[in-house]
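> Sequence and computational prediction follow.
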Amino acid sequence: MFFFLISFLVIIILLVYYLKLRQCYQYFKIRGIPTPPFQFFYGHFKTLWNVPSNYRQLESWTKQYGKIYGIYEGSSPVFVVSDPDFFSGDFR
């Protein structure tokens, strides 16, 4: 009985964690912001780790997805902004 209870609690905790991660990965989709394909749990880390130059990969994505797009560092959403005019109105 004790083993069943512990197993049930572990399954519930893992399920809640999975649902929370799925919710994190909906951040850009909900807002209509383009994002390159990513891997669950890793986000874009694996892609960025496996290229010779992170800068070149981000530059390639900028050409493909526009000057403002999103990437995930793990499960954390990060905006990539390649347009300096985007910030000009906010910092005056």
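Alright, I've got the coordinates.
> in the chain, which residue is closest to the centre?
The centre of the chain sits closest to residue 72, judged by C-alpha atoms, centre = their mean, with a distance of 2.0 Å.
> Quick check: closest non-adjacent residue to it.
The spatial neighbour of residue 72 that comes closest, neighbours along the chain excluded (C-beta to C-beta, 6 or more residues apart in numbering), is residue 43 at 3.0 Å. (Glycine included, C-beta is placed from N, CA and C.)
> I'd like the distance from the helix ranked longest in the chain to the chain centre, please.
Using DSSP state H, we find that the single longest helix of the chain is helix 2-24. Distance of helix 2-24 from the chain centroid (C-alpha atoms, centre = their mean, to the nearest Å) equals 22 Å.
> Tell me which residues are up against the helix or strand just after it.
Towards the C-terminus, the helix or strand next in line after helix 2-24, according to DSSP states H and E, is helix 27-31. With C-beta atoms under 8 Å, 6 or more residues apart in numbering as the test, helix 27-31 has contacts from 34, 35, 69, 70, 77.
> From those, which land in strands?
Mapping the contacts of helix 27-31 onto strands (DSSP state E) picks out 69, 70, 77.
> what's the spacing between residue 49 and residue 43?
11 Å (C-beta to C-beta, to the nearest Å).
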